[in-house]
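[1] Can you look at this prediction? I've put the sequence above it.
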Amino acid sequence: MSDNTRRRRTVARHGQLRSPGAVSQLLRLLAISMAVVLVSGIGVAAYFYLDFSNTVSANAVDLDGQEDLPPDIGAYKGGFNLVLTGVDTCEDDYKQYFGDRCTGGDAEGTLNDVNLLVHVSEEPRRITVVSFPRDLMIPIPSCEDEDGNATAAMSKQPLNVAYTDGGLNCVVRTISSLTDQEVQFAASVTFGGVIEITNAIGGVDVCLANPIRDRYTGLDMSAGTHTVKGLEALQFLRTRHGVGDGSDLGRIGNQQQYMSSLARKLISGEVLGNVPVMLKLANTGIQNLETSTSLADPMMIVQIALAVKSVPFEDIVFVQYPTL
């Protein structure tokens, strides 16, 4: 198979088709929020530790080059990086919301429709979140698929075929190769995970300068401030026909507004000061996250929490990877 060979099951899934698109850029603080939950109280920590160890660790994914990671993140020169991705898995409880994507000819395979590189710097700690458009045409390296077979490297394909080729590890390898950054941690979440996690924190406030009406996602919102939850939150994050030029680039503004609002809510007393909400968020995260082996260690999450918990909101920056 040549480098330019296009995989049969991804041909019908290019970005201009009616796929749900970007899932949930709330990923970029989800790992952090769960870590803060862990260190917020002894009872919550014990609950989270047991469930995390039993559930998440069993499904954790090995990343290439993780064998020699220092056990202390303070030893990571230049800070550390997380890749967080949203995947368009058609789960039984939610596939009725996504039409042809989950029932028609476009229903095969799973794409990484949201791709974020989160960099946490050395002291003084700052957080930079880089969004990668799903249709960014880049080289995809050779990866190992779910059956243990090596896939052929491709010289130019949309970024969002990487998960289809080799799961979470392949997404990390692709972004690491593109940016020349070593990635220590990674996690993914599904459509259903977005719905459940947003519900767990009681929704997120967003403000629209103009109304959005998108027949593809079903979103119909007037101008003004709204608290979006569950399915509506997912519709808001994946709408592209209702904003900008109708491309993946057009909806990134919505996604980054959502992330900013989410960050404020997660660090507020409304979440961290409410033990039942923290427990619900921790349990929901446990059930809806796929993580790297390096992130499946609760004590490592404690270290991440301690590293980022005092970062001022103004030192959390959102940027988009350039497309030209």
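    Yes, it's here.
[2] Report the beta-bridge partners for the residue positioned nearest the centre of the chain.
    Geometric centre of the chain, nearest residue: residue 85, 3.2 Å, by Cα atoms, centre = their mean. Counting by DSSP bridges, residue 85 is bridged to residue 115, residue 188.
[3] pLDDT weak spots in this protein?
    1-58, 67, 106, 245-246, 267-269, 271-273, 275, 278-279 (pLDDT under 70).
[4] what's the spacing between the residue nearest to the centre of the chain and residue 324?
    For residue 85, the distance to residue 324 equals 23 Å [Cβ to Cβ, to the nearest Å]. To be clear about C-beta, it is placed using only N, CA and C from the backbone, and glycine gets the same treatment.
[5] How about residue 177?
    Applying Cβ to Cβ to residue 177 and residue 324 gives a distance of 19 Å.
[6] Counting neighbours, go ahead and name the busier of these two.
    Counted by other Cβ atoms under 10 Å, residue 177 and residue 324 do not tie: residue 177 has more neighbours, with 13 against 2.
[7] what's the helix ranked longest in the chain packed up against?
    Determined from DSSP state H, the single longest helix within the chain is helix 162-179. In terms of contacts (3 or more Cβ pairs under 8 Å, 6 or more residues apart in numbering; DSSP states H and E), helix 162-179 is packed against strand 80-87, strand 112-120, strand 127-132, strand 137-140, strand 185-190.
[8] C-terminal to the last one, what's the next element?
    Read it as strand 185-190. helix 191-200 (DSSP states H and E).
[9] and that following helix, which residues are buried?
    191-198, 200 (16 or more other Cβ atoms under 10 Å).
[10] now it, how far from the chain's geometric center?
    Distance, stretch centre to chain centre, for helix 191-200: 12 Å (Cα atoms, centre = their mean, to the nearest Å).
[11] How about stretch 173-192?
    9 Å.
[12] where exactly do the strands run in the chain?
    Along the chain, the segments classed as strands by DSSP state E run 80-87, 112-120, 127-132, 137-140, 154-158, 185-190, 204-208, 212-214, 219-221, 224-228, 289-291, 316-320.
[13] Identify the residues contacting residue 185.
    For residue 185, the contact set (Cβ atoms under 8 Å, 6 or more residues apart in numbering) comprises 31, 80-83, 291-292, 294-295, 300, 304.
[14] and if we set it to 10 Å?
    Counting by Cβ atoms under 10 Å, 6 or more residues apart in numbering, residue 185 makes contact with 31, 63, 66, 69, 73, 80-84, 118, 120, 172, 291-296, 300-301, 304.
[15] and if you look at residue 242?
    208, 210-217, 219-221, 235-236, 250-251, 254.
[16] Now with 6 Å, please.
    Contact partners of residue 242, counting by Cβ atoms under 6 Å, 6 or more residues apart in numbering, are 212-214.
[17] Dump the residues you listed to JSON lines, plus neighbour count and distance to residue 104.
    Formatted as JSON lines, the contacts of residue 242 follow (neighbours: other Cβ atoms under 10 Å; distance: Cβ to Cβ, whole Å):
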{"residue": "212", "neighbour count": "19", "distance to residue 104": "25"}
{"residue": "213", "neighbour count": "13", "distance to residue 104": "23"}
{"residue": "214", "neighbour count": "19", "distance to residue 104": "19"}
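[18] Which single one of these is nearest to residue 113?
    Set against residue 113, the nearest of the contacts of residue 242 by Cβ to Cβ is residue 214 (16.0 Å).
[19] The closest one against residue 241, yeah?
    Yes - contact criterion Cβ atoms under 6 Å: residue 214 and residue 241 qualify, at 4.9 Å.
[20] and the gap between the closest residue in space to residue 139 that isn't next to it in sequence and residue 208?
    Nearest non-adjacent residue to residue 139, counting by Cβ to Cβ, 6 or more residues apart in numbering: residue 155, 5.4 Å away. For residue 155, the distance to residue 208 (Cβ to Cβ) stands at 40 Å.
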